[in-house]
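> here is the input, now give the coordinates:
(chains A, B, C and D)
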Number of protein chains: 2
Amino acid sequence: MTVDLPSLDLLRSLSDRHVLAAVASAGQLTRAAAATATGLSKPTVSQSVARLLEAGVVVEGERASGGRGRAGTYLTVNDAAGCALAVQAGPEGVVGEVVALDGRVLATHRRTLSSPVTPGSLGRALTAVCRALTSDSPGPVRVVTVSVADPVDRRTGRVVELPASPFLVGELDPVRLLAKVVPVPPVVDNDVSWALLAEHTEGVAVGVDDVLQLHLDEGMGAAMWAGGRPLHGARGLAGEVAYSRTSVPTRGTRGTRGTRGTRGTRSTQATSAAPSGTLMECVASLGYLREGSKAIEVESLLEDLDRGAGQARRLAAAVAEVARAHAYLLDPELVVLSGRWGRHTEVVEAVTTALADAGGVATTVERAGITDDAPLTGARIHALGELLATWSAQPGTVST
Amino acid sequence: MTVDLPSLDLLRSLSDRHVLAAVASAGQLTRAAAATATGLSKPTVSQSVARLLEAGVVVEGERASGGRGRAGTYLTVNDAAGCALAVQAGPEGVVGEVVALDGRVLATHRRTLSSPVTPGSLGRALTAVCRALTSDSPGPVRVVTVSVADPVDRRTGRVVELPASPFLVGELDPVRLLAKVVPVPPVVDNDVSWALLAEHTEGVAVGVDDVLQLHLDEGMGAAMWAGGRPLHGARGLAGEVAYSRTSVPTRGTRGTRGTRGTRGTRSTQATSAAPSGTLMECVASLGYLREGSKAIEVESLLEDLDRGAGQARRLAAAVAEVARAHAYLLDPELVVLSGRWGRHTEVVEAVTTALADAGGVATTVERAGITDDAPLTGARIHALGELLATWSAQPGTVST
DNA sequence: TGCGGTTCGTAAGGACTCCTGACTGGAACC
DNA sequence: GGTTCCAGTCAGGAGTCCTTACGAACCGCA
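A predicted model of the protein is given here:
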C-alpha cells in the first residue's frame, strides 16, 4: 500500500484540488463561498485561486449581485484550459459529448448505424464522432472515455471476444482507432460498468457501497460496486453472467407450469449433447436467441413477458436464480435491474422473490433509475473526475 | 468520497505514521536509518521520534555497534504501549496470540474442543483464551481480531445462520461475549477472508489485486480481493458459494458416464423436496454430508478423490463449474484453492481445466501457500495494521 | 445624499512543518 | 594520537495554514 509522503507540496496541491473541485461543482463561486465550501480559510483560498488563475484553470467572471454587502467576483472554470470527451458506442449508433470541467455539456455529436453493424462501420462512426467533438472543443482534449456494449479489456481498451458477446462480430480496438484522433489514450469500458457508475452517482444506487447491477437487453451483463468502488476485475472483464448456471429446465416444457417452488423435478436430461445449464444456453433453448446470432430477441421476449407466457417466466426464474447465487457470493446491499427486459415487472418480481429468503439478510432490488443513455452519463461522470485530477498532479508517494 | 483536509496536523501525523511504520517493520532502527527508510530528512525524523517517545509508542534501546563511526541508538516499539490480540475459533478449538506493534508474537494460548462443538463450549473457550492472552499482554489491548469458521456479519460481529453453515448449530456472538473480557470491540470475520488476507500478504497472492479463493473443507466458502482490497460485501457476508448452481447431476447416476462410486444411493429424500442444483445439494446427494449435519465428510471424500471414484470426480467437476462461473463474473487474475479437499490434485486440476478455455483470458489457479493456521495469520496481519493505525489519529476529512 | 450594516477580498503576523547545511560528539581504524 | 566516519542536533530559510484585522464595495433606509 502506498501513502502520501508528507511535504508542503502535498498541502498546496490538496488545497488547490479542493478549491478547483468546489468551483467546478458549483459552476461559479466567489472566493468567500469557496472558503466556506472547502472549509479552508479565506486567505488560503485566495492564495489557491491565485495559483489556479495563474495556471489558467479558472477565470474571473462577473461580479456577484443581489447579496447584501460587497459583491464578490465569480470564479468559473476555463473551458479553454481543457475539456473531456465522453462517447458511447452501441448497436444503435455512436453518441458523444464535449464536457467542460464543471460538467457542462458543450457539444454533442451523433451517428446512427444501419444494421448489420460491423466493426468497420462502428469504428468509422466512432472516429467521426470523436473528430467532430474535438473540433468543437474550446480547449485541448485532456480525457476521453468510451463506452462499448461488449466485454472490454480495460488495460488495453480492446473489445474481447467472449462466447456470449452479442453485439460485435469481430474485433474493435478503440485505442488504436482513436490514437490519431484524440491526443490522449481513451479509457474504454463496458456499457454496464458505466451505467452502474451513473446509478451510483445520480441514480438509485447513490450512497450504496455494494451494488450488483444486472443488465438484460440484447446481451446480458453485470456490473458491481464493492466497498464503494467499482469492481472491474483484473482485466476489466468482470460482469459476465451469461455463463452462470441455472437449474431451470432448458428443454421440454411438459407439466412443470407451477410457478411455485416445485418445478424442476425432471431437469436432469435436458439438452443431452451440450453440457447445458448456463444462462446463455437457457436463453437459447427457450427460443429467444436471434437466428444465427448471440443477440436476444428482446421484442418477442417482452411480448411473452407481458402475456405471462411460460417460456418467458422460466427465463425470468433463471435470471432470478443467477441473481440469487451472485448475491450470495457478493453480498450486495442493492441489486439494480436494467435493460429493456431486465426492467420488466415479471423479471423484477422474480428476482425480488428469489432474494427475499436469503437467510434473514435483506437485499433490496430496484429498477435502474437512469434510462436515457446511462452508459454515456457514466462515461461523462468518469471523464469529469479524470479531468479534475489532471490539474492536481499527485505528489510523491512511497510504499510501506 | 472523502479527502484529507490540508493542514499542518496532516503533515505531522503523516510523518509520525511513516516513522512508526518504519520502526515497526524493521524491528529496531536508528533515527538515521529511519530517515533513509522513510525518505524524510534526519531532523524531521528526529522530531517525529521525539513525539513518539513522548507518547511512549517507541523506546530507545541499545546502541548500534559494528559500524565505523558513531553508533546510533536503536529505536524499538514499546510493547507496554499496547498490543493486539488475534484469535482463531474453529471446530478444532481456539487459538490466539498476543501481537506486538512490530509483529512479534508475544504469547500464544490454545483450547481444544471435544465434539460436538456447541456455541456454548466454543464461547467459553473463546473467552478463556482471550482472558489468558489479556493477562499475558505487556500493555493494554488495543485491537482484537477474531476469525470464525462461519458467515459473519462484520458490522455486528455476529455469526449469521445461513442454510449451509456447517460448523455452528446455533448462534455465536463474539462481540457480546468479549465485551467484558477485552477493552475494545473485536473485529470478527470469516476464516476464509482472513486466510485470503494472509495469502495476499505473504502467500501465493502477493501483489495480485484480484483474487478469488475457494475454501473447501468441512464447509465451503469463498473470499475475494478486488482492486487490491478485500471484498467483504455490504454485511461482510460475501463468499457464500454453497448456493451456486451446478449442472452436475445431483441424484440418480443412471446414464451418466464414468466410474460409479459405492455411495451414490445414500442421497434419498434429502433432495427430493428442496429445489435441487446448488453446490450444497450436490454435495448432499453425492453422499458426502455428515449424517444429520451440514458438515462435509472430508475424510471419505479425500479417500474417494485419491481413488478417483466417480462421485468424488463429479463433485470436483461441480466445484470447477462454480469456479468458472464466478471467475467469469469477477475476472480474477488468480484463483486460490484451499481447505483439505480444495487442495487435492483432482480438484485443482478440474478447476484449472475449467478456467483454461475462458476465451483467451488466462486465469491462474494455485493451491493456497499458507497451510498452517492461515486464518490466524490473516487475523494477525489485520490486527497489526489496525494497531499501527491506532497511534496516528486521522486528521479531519471532508466529503467532496 | 448620507449613514449604518453587511459582505468580500486582502494584508499582516503568528505558529508550525519540512528541508538544507553546518556542527558536535563518539567510536573505530591507521 | 590523529583521522575518518557516522549519528544526531542546531540554526536558518522557505513555505503553508490560520487568526485577526482592515479597506472596499454594496444594499437599504432615512
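> assign residue A:188 to helix, strand or coil.
Going by DSSP: H, G, I helix; E, B strand; the rest coil, the secondary structure assigned to residue A:188 is strand.
> now do the contacts for it.
The neighbours of residue A:188, taking C-beta atoms under 8 Å, 6 or more residues apart in numbering or on different chains as the test, are A:145, A:146, A:147, A:148, A:152, A:154, A:157, A:158, A:174, A:175. Every residue, glycine included, has its C-beta placed from N, CA and C.
> quick check, pLDDT for the fourth one.
This points to residue A:148. For residue A:148, the pLDDT comes out at 91.
> isn't residue A:325 right up against residue B:246?
No: using C-beta atoms under 8 Å as the test, residue A:325 is too far from residue B:246 to be in contact (10.0 Å).
> any common contacting residues for these two?
The contact lists of residue A:325 and residue B:246 share A:245, B:278, where a contact means C-beta under 8 Å, 6+ apart.
> DNA strand D: which of the contacts of residue A:188 is nearest?
The closest of the contacts of residue A:188 to DNA strand D turns out to be residue A:145 (C-beta to the nearest atom of the strand; 30.3 Å).
> pretty sure that closest one sits in a helix.
No: using three-state DSSP, the secondary structure at residue A:145 is strand, not a helix.
> is it bridged to anything, and to what?
With DSSP bridges as the criterion, residue A:145 is bridged to residue A:86, residue A:187.
> pull the contacting residues for the residue of the stretch 251-400 of chain A found nearest chain B.
For the stretch 251-400 of chain A and chain B, the shortest gap (C-beta to the nearest C-beta) falls at residue A:331, measuring 2.6 Å. By C-beta under 8 Å, 6+ apart, the contact set of residue A:331 is A:210, A:361, B:232, B:233, B:234, B:235, B:236, B:237, B:238, B:239, B:240.
> what subset of those residues is buried?
Among the contacts of residue A:331, those buried by neighbour count (16 or more other C-beta atoms under 10 Å in any protein chain shown) are A:210, A:361, B:232, B:233, B:234, B:235, B:236, B:237, B:238, B:239, B:240.
> and DNA strand C, which of those residues contact it?
Among those, not one lies near DNA strand C by C-beta under 7 Å from any atom of the strand.
> mind putting those into a markdown table with distance to residue B:192, secondary structure and pLDDT?
Listed next are those as a markdown table, based on distance: C-beta to C-beta, whole Å; DSSP: H, G, I helix; E, B strand; the rest coil; pLDDT from 0 to 100:
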| residue | distance to residue B:192 | secondary structure | pLDDT |
| --- | --- | --- | --- |
| A:210 | 18 | coil | 97 |
| A:361 | 18 | coil | 67 |
| B:232 | 11 | coil | 95 |
| B:233 | 13 | coil | 94 |
| B:234 | 18 | coil | 93 |
| B:235 | 15 | coil | 90 |
| B:236 | 12 | coil | 89 |
| B:237 | 12 | coil | 90 |
| B:238 | 10 | coil | 93 |
| B:239 | 6 | coil | 93 |
| B:240 | 10 | coil | 89 |
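> on that earlier part again, just the contacts of residue A:188: which are in helices?
A:174, A:175 (DSSP state H).
> could I have the buried ones of the contacts of residue A:188 as PyMOL selection syntax?
Command for PyMOL that selects the buried part of those, burial taken from 16+ other C-beta under 10 Å:
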select buried, chain A and resi 145+146+147+148+152+154+157+158+174+175
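> smallest gap between the stretch 151-300 of chain A and chain B, at which residue?
residue A:233 (2.6 Å).
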